[in-house]
Structures are given as structure tokens and as C-alpha cells.
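**Q** My questions are about this predicted structure, shown below with the sequence.
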Amino acid sequence: MNQMKLFGMHQTFQGMVETKGHQKLTQDELINLLVQAEWENRENRKISRSLRNARFRYQATLEEINYEHQRNLDKNQFLRFYDCSYIDRKENILLTGPTGLGKSYIVSALGHQACMRAYRVLYMNTQKLFTRLRVAKADGSYPKETDRIEKQDLFILDDFGLQPLDANNRMALLEIIEDRHERKSMIISSQLPLEKWYEVIGESTVADAIIDRLFNGSHRIELDGDSMRKKK
């Protein structure tokens, strides 16, 4: 079993032999139990692998989100995100609000839930993304990096708009959004209100193209209130 990488089946069978639990089962029940154990083991390993590959900033879940702090967070809306059907519909989530309101935690929780539902997810800080793409252009790995992003069912871009985009970053962002438009979902968090995104992107033609694709059919969440860090 181990040589065939049937680790879940091996672990369960070994435990049953040690406790002589298999003696109480029919052959059909034993086979069913072993197959179920192998299936669950593989699913758990796949989820663990997805969580590692996603590289979330926080280990967060939707169940752990604090709705008591007044920050204009609609619990019913987040319950509707629980089944991740917005990913199946190729919809985006745009989350904005002042610093200290837990935006990075929230997008990490949404990404974690998507991993639990077996979607491929990648989380990246905006500035780190642009740095990575700039290096990739220099060493020739740029197509590989963009393909990696394109293959994700959900791409999370955190801390967007901390500084204006230059021409290279602007075109890189347009390429990513163009590749995903009506094909894959994105979650973007930003300290800036949505009406300020146009200024940060710059260059009106490119900004129009980016904003039109992002905003069309998106879920918009605008947080407001006192910083949770100050409260702590």
C-alpha cells in the first residue's frame, strides 16, 4: 500500500489489524472503509497543498471573522460567499476601507474557504507581485509567472493602490485582468475608495480598460469605522 502511495488506506488498515477491528466487518464493509479512508486522506492532502501554495498572509477562516466591530461588514453577504459560487460565476470581490479594519485578514479567509472547496488559489501583495514580475522579465521567466496566475481559479491581490502605477506595472496589471476577465475570479483589497482607483492606475485609456473589467459584475464591500488595531 505504501509503495502504491495508498497512505490513507495503509494507515486505516494497520490500525484495524492492531485493534482486530477488521474481524467484525464483512468484506464489503472493509473495502468500503478502506476506500473511504484513502479518499479522505487524498482530499486532505490536496487541501493542505493548496493552502501552502496559496501563501496567505493570515491563517484565517470565514467562521473567525469578527462581525461585532462596527466596520460596515454584512454577515449575510459573507455567508453567501461561503459556497464559493461567485468563483463558478467568474465574479470579482472588491474590498476597500481605511487601514486597520482587517482587509488582509478577510481576503485571506475568503481564499482559505476557496481552498477548502478545492479551488486553486493564489494570494499576493500588490507591490511584491510587481517586483516579482519585474524580475521575471529580466530573467526570462515572465510567461511562466503570468501563466501561473492565469491558471488559478481565484487570484487575490492585497494592498492595491498604495502608490501610483508606472507604465510597466500598469500594463502588467491590465494583462492579468484581461486574461481573467469573465474566465476566472479575483479579489482585490485596497485602502483607497473605488473612485480613487482611476487616479492610481493613471493613463486614462488603460485605466478605463482595467476598471471596466474589474467593476463589471463585481461584489463591492466598502468598510468604514475605527481601526481594530487602535481598539486592541
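**A** Structure's in. What do you need?

**Q** Next, count neighbours for Thr12.
**A** Per other CB atoms under 10 Å, the neighbour tally for Thr12 reads 23. Just so you know, the C-beta spots here come from the backbone N, C-alpha and C atoms, and that holds for glycine as well.

**Q** got the contact list for it?
**A** The contact partners of Thr12, by CB atoms under 8 Å, 6 or more residues apart in numbering, come to 33-34, 37-38.

**Q** do Asn169 as well
**A** 130, 133.

**Q** Quick check: it is in a helix.
**A** Yes: assessed with DSSP: H, G, I helix; E, B strand; the rest coil, Asn169 lies in a helix.

**Q** can you give me the strands for the chain?
**A** Assigned by DSSP state E, the strands in the chain fall at 93-96, 121-125, 154-160, 185-190, 219-222.

**Q** Pairing partners for the first one, with directions?
**A** Same thing as strand 93-96. In the sheet, strand 93-96 lines up against strand 185-190 (parallel), strand 219-222 (parallel) (DSSP bridges).

**Q** Tell me what angle the longest one forms with strand 154-160.
**A** Strand 185-190 and strand 154-160 are oriented at 10 degrees to each other (axes from the mean of the first three to the mean of the last three CA atoms, to 10 degrees).

**Q** for the protein, which spans come out with low pLDDT?
**A** 229-232 (pLDDT under 70).

**Q** tell me the domain ranges of it?
**A** Listed by automatic domain parsing, the domain ranges of the chain are 7-53, 56-225.

**Q** What distance separates the opening and closing residues of the last one?
**A** Translated: domain 56-225. 25 Å (CA to CA, to the nearest Å).

**Q** Make 5 the starting number, not 1.
**A** Sure, I'll start numbering at 5, so the last one becomes domain 60-229.

**Q** Show residues contacting stretch 65-77.
**A** By CB under 8 Å, 6+ apart, stretch 65-77 touches 79, 82, 85-86, 101, 105-106, 109-110, 113-114, 116-117, 225-230, 232, 235.

**Q** Show the buried residues in the residues you listed.
**A** Listed as buried from these are 82, 85, 101, 105-106, 109-110, 113-114, 116-117, 225, 227; burial here means 16 or more other CB atoms under 10 Å.

**Q** Which single one of the residues you listed is nearest to Arg56?
**A** His116 (11.9 Å; CB to CB).

**Q** residues in contact with the most centrally placed residue in the chain?
**A** With distances taken as CA atoms, centre = their mean, the residue of the chain nearest its centroid is Gly115 (3.0 Å). Shown in contact with Gly115 (CB under 8 Å, 6+ apart): 58, 60, 125, 127, 158, 160, 191.

**Q** hang on, the second one packs against Ser112?
**A** Yes: Phe60 is within contact range of Ser112, at 4.2 Å (criterion: CB atoms under 8 Å).

**Q** Name the residues contacting each of those two.
**A** Tyr127.

**Q** how much space between Arg61 and Tyr90?
**A** 21 Å (CB to CB, to the nearest Å).

**Q** quick one: buried residues of the longest helix along the chain?
**A** Longest helix of the chain, by residue count under DSSP state H: helix 31-58. Neighbour-count burial for helix 31-58, counted by 16+ other CB under 10 Å, picks out 34, 37-38, 41-42, 45, 54-55, 58.
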